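[1] Here is a sequence with its predicted model. Questions after.
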Number of protein chains: 2
Amino acid sequence: MNILSDKIKNVKLFSGIAEQDLSSLLSCLSAVVKSYKKDEIIFLSGQPAQSVGIICSGSVHVFKEDFIGNRTIISALSAGELFGESFACAQTSSIPVSVVATADSKIMLIDYRKIITTCPTTCTFHSRLVENMLGILAYKNVELDQKVDVISRRTTREKLIAFLSEQARKLETNCFTIPFNRQELADYLCVERSAMSAELSKMQKNGIIETNKNEFKLLYIPGDPNYDN
Amino acid sequence: MNILSDKIKNVKLFSGIAEQDLSSLLSCLSAVVKSYKKDEIIFLSGQPAQSVGIICSGSVHVFKEDFIGNRTIISALSAGELFGESFACAQTSSIPVSVVATADSKIMLIDYRKIITTCPTTCTFHSRLVENMLGILAYKNVELDQKVDVISRRTTREKLIAFLSEQARKLETNCFTIPFNRQELADYLCVERSAMSAELSKMQKNGIIETNKNEFKLLYIPGDPNYDN
DNA sequence: AATAATATGTTGGAAATCCAACAGGGATCA
DNA sequence: TGATCCCTGTTGGATTTCCAACATATTATT
């Protein structure tokens, strides 16, 4: 079961589990590895899904189609990454997304019930697995909460302030760099890059922030009446 | 420990655990119940938080403040509801929100580590507790995914289509009622109610949907060129 | 160093949203 | 029944964003 090879280190679901212990864990979980050709469907929206998928090799797209027929790519994943874990753990009657292989891929599928059911031999790694899953879901939750908080704002300026405030809190400083370039930041905020650039310029003129490439400095002085337009 | 009285049935974290087993579970978890006066802070943004909070009585607001000083209420919770579970389980170094009592309240606090650590006596309810927590986080995750998918759209029409498509998928029919009135729907989509109303009217004229109060019917016919404006 | 490719800032007109105000319909209540 | 309140749809002007195009700056490539 060395199919994951050294990528295993990057699979958060298995973090803290020694490589030599993994094969017994995987057989305990009845993990199966399936091969998919490029463009083959792995999960289809509307179907039930009890399985978590781990990409051993290849890559996939998670996507959605609305009733008009527009397809939206939710995420592009590659080796070592996980998908379907939320739907499996939430035991939704049907999944709201589809997953398709975008290259020939090997996918490990693990049944959700096997994850939560403690094995008869009280396999010690099992509880670590559940703990990891808890952490993965919770982390994603925190990130999504954060994103919703930001993109719920009505104006570009409000989105920027919400986003930058959160960065400052996380990094515990008013002077920091962000992991996005302008286009990526605009995509995250769900606004137009050029409009966002313009707004950033305005905010600098107003003296709320200073920015240069990825670097930001928050400068708000409470009570200053000069922060409009 | 009948402090939760009959509200216990509504606490998803304890679902599947019989009422008579609960007190032993709670002592195993070292659960403590603290009293807070109205306006007292329960969790403060920036602090670490290993605890999950359960409202035994009273009510709280979860809120956020940006660096300009604007306060946003994330959610208003009352008896039986849970808070802080994502931050505790994700083991974030500090929490991004604050929680304040909006009435005199009794709050049960459970340390995250007690939840994930199997107790020495292999308390049988413990695994159920973890399973419940997994379900709670995963469910919230699915809901947040859904919300981000919808409000990421740039136009009101796109938001409506994304939202309605998802409802149709969940309910497995093109004819359904939604749990929102117009104002609530607008709030969910992060748009103006009046603009949304106007857009719904247009969509009806275009023959994409029919709607009357909470009832919606999706009518798209693939290939019809008549779905603009 | 020269060139190409990428990233960022600016701008002006088109399009969409917001906002405030108002009107009609339906439910509730005295 | 009449009065009131809440919900919904409509409308017009102010505001904001989008979009496309271009200019400049920075980085990568040869």
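    Perfect, thanks for sending it.

[2] what does chain A put close to DNA strand C?
    A:154, A:181-183, A:193-195, A:197-198, A:200-201, A:211, A:213-214 (C-beta under 7 Å from any atom of the strand). (C-beta placed from N, C-alpha, C; glycine too.)

[3] Which members of the residues you listed define the maximum pairwise distance?
    Spatial extent of those (C-beta to C-beta) is set by the pair A:Arg154 and A:Lys213 at 27.2 Å.

[4] Tell me who's in contact with A:Ala162.
    A:149-150, A:153, B:66 (C-beta atoms under 8 Å, 6 or more residues apart in numbering or on different chains).

[5] how about 10 Å then?
    A:146, A:149-153, A:189, B:64, B:66-68, B:70, B:72 (C-beta atoms under 10 Å, 6 or more residues apart in numbering or on different chains).

[6] wait, is it part of a helix?
    Yes: under DSSP: H, G, I helix; E, B strand; the rest coil, A:Ala162 falls within a helix.

[7] With DNA strand D as the reference, measure out to it.
    According to C-beta to the nearest atom of the strand, to the nearest Å, A:Ala162 stands 12 Å off from DNA strand D.

[8] hang on, the earlier thing: out of the contacts of A:Ala162, which end up buried?
    Neighbour-count burial (16 or more other C-beta atoms under 10 Å in any protein chain shown) applied to the contacts of A:Ala162 gives A:146, A:149-153, A:189, B:64, B:66-68.

[9] Can you flag which of those belong to strands?
    B:Lys64 (DSSP state E).

[10] want to throw the buried ones among the contacts of A:Ala162 into TSV with pLDDT and distance to B:Ala138?
    Rendered in TSV, the data for the buried ones among the contacts of A:Ala162 read as follows (pLDDT from 0 to 100; distance: C-beta to C-beta, whole Å):
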residue	pLDDT	distance to B:Ala138
A:Gln146	96	18
A:Asp149	96	20
A:Val150	97	23
A:Ile151	97	22
A:Ser152	96	22
A:Arg153	96	27
A:Leu189	97	27
B:Lys64	94	24
B:Asp66	91	29
B:Phe67	88	33
B:Ile68	86	35
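
[11] Columns distance to A:Leu164 on top of the buried ones among the contacts of A:Ala162, output as CSV?
    Shown next, in CSV, are the buried ones among the contacts of A:Ala162 (distance: C-beta to C-beta, whole Å):
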residue, distance to A:Leu164
A:Gln146, 12
A:Asp149, 12
A:Val150, 10
A:Ile151, 14
A:Ser152, 16
A:Arg153, 12
A:Leu189, 11
B:Lys64, 13
B:Asp66, 8
B:Phe67, 7
B:Ile68, 10
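
[12] okay, which residue is most central for chain A?
    A:Lys140 (6.0 Å; C-alpha atoms, centre = their mean).

[13] so when I look at that residue, I'm seeing a strand, right?
    No: assessed with three-state DSSP, A:Lys140 is helix; it does not lie in a strand.

[14] any idea what sits nearest it, other than its immediate chain neighbours?
    Nearest residue to A:Lys140, sequence neighbours excluded (C-beta to C-beta, 6 or more residues apart in numbering or on different chains): B:Asn141, at 5.8 Å.

[15] Could you give the number of residues near the one you found?
    Per other C-beta atoms under 10 Å in any protein chain shown, the neighbour tally for B:Asn141 reads 22.

[16] now A:Phe180
    Applying other C-beta under 10 Å, we find 14 residues neighbouring A:Phe180.

[17] just the one 5 residues further on next, same as before
    Neighbourhood size, A:Leu185 [other C-beta under 10 Å]: 21.

[18] cool, A:Ser27 as well?
    The tally of other residues near A:Ser27 (other C-beta under 10 Å) stands at 11.

[19] Quick check: which element contains it?
    helix A:19-28 (DSSP states H and E).

[20] Report the buried residues of that helix.
    A:22, A:25-26, A:28.

[21] and which of those residues is nearest to DNA strand D?
    For those, the closest approach to DNA strand D (C-beta to the nearest atom of the strand) belongs to A:Leu22, at 37.2 Å.

[22] Kindly report the residues of chain A close to DNA strand D.
    Near DNA strand D, when you scan chain A using C-beta under 7 Å from any atom of the strand, you find A:155-157, A:190-192, A:194-196, A:199.

[23] Show the end-to-end separation of stretch A:51-63, please.
    17 Å (C-alpha to C-alpha, to the nearest Å).

[24] Which strands or helices does the helix or strand of chain A with the lowest mean pLDDT pack on?
    Least confident helix or strand, chain A: helix A:19-28 with a mean of 86, by mean pLDDT, DSSP states H and E. The helices and strands touching helix A:19-28, judged by 3 or more C-beta pairs under 10 Å, 6 or more residues apart in numbering or on different chains; DSSP states H and E, are helix A:124-151.

[25] ok, A:Gly58 touching A:Ser105?
    Yes: between A:Gly58 and A:Ser105 there is a contact under C-beta atoms under 10 Å: 2.5 Å.

[26] Among those two, which residue is more densely surrounded?
    Using other C-beta under 10 Å, the more surrounded residue of A:Gly58 and A:Ser105 is A:Ser105, with 24 against 19.

[27] Give me the below-cutoff pLDDT ranges for chain A.
    Judged by pLDDT under 70, chain A has its weakly predicted residues at A:1-9, A:119-123, A:221-229.

[28] can you give me the helices for it?
    With helices called from DSSP state H, chain A shows them at A:19-28, A:85-90, A:112-116, A:124-151, A:156-171, A:182-189, A:193-205.

[29] Looking at the ones you listed, which one is packed in the most?
    With neighbours defined as mean count of other C-beta atoms under 10 Å in any protein chain shown, those peak in mean count at helix A:85-90, which reaches a mean of 25.

[30] is chain B contacted by it?
    Yes: part of helix A:85-90 sits near chain B under the criterion C-beta under 10 Å from any C-beta of the partner chain, namely A:85-90.

[31] Work out the gap between that helix and the centre of the chain.
    Per C-alpha atoms, centre = their mean, to the nearest Å, the displacement of helix A:85-90 from the mean C-alpha position of its chain is 14 Å.

[32] which helices and strands does it pack with?
    Using 3+ C-beta pairs under 10 Å, 6+ apart: helix A:85-90 touches strand A:51-57, strand A:105-111, helix A:112-116, helix A:124-151, helix B:124-151.

[33] And the ones you listed: which comes nearest A:Glu40?
    With C-beta to C-beta as the yardstick, what comes closest out of the helices and strands packed on helix A:85-90 is strand A:105-111 (8.3 Å).

[34] Buried residues, the closest one. List them.
    A:105-111.

[35] and if you look at stretch A:92-108?
    A:92, A:95-102, A:105-108.

[36] Just put those in JSON lines and tack on distance to B:Met133.
    Putting those into JSON lines (distance: C-beta to C-beta, whole Å) gives the following:
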{"residue": "A:Thr92", "distance to B:Met133": "17"}
{"residue": "A:Ile95", "distance to B:Met133": "21"}
{"residue": "A:Pro96", "distance to B:Met133": "22"}
{"residue": "A:Val97", "distance to B:Met133": "24"}
{"residue": "A:Ser98", "distance to B:Met133": "28"}
{"residue": "A:Val99", "distance to B:Met133": "26"}
{"residue": "A:Val100", "distance to B:Met133": "31"}
{"residue": "A:Ala101", "distance to B:Met133": "32"}
{"residue": "A:Thr102", "distance to B:Met133": "34"}
{"residue": "A:Ser105", "distance to B:Met133": "31"}
{"residue": "A:Lys106", "distance to B:Met133": "31"}
{"residue": "A:Ile107", "distance to B:Met133": "27"}
{"residue": "A:Met108", "distance to B:Met133": "24"}
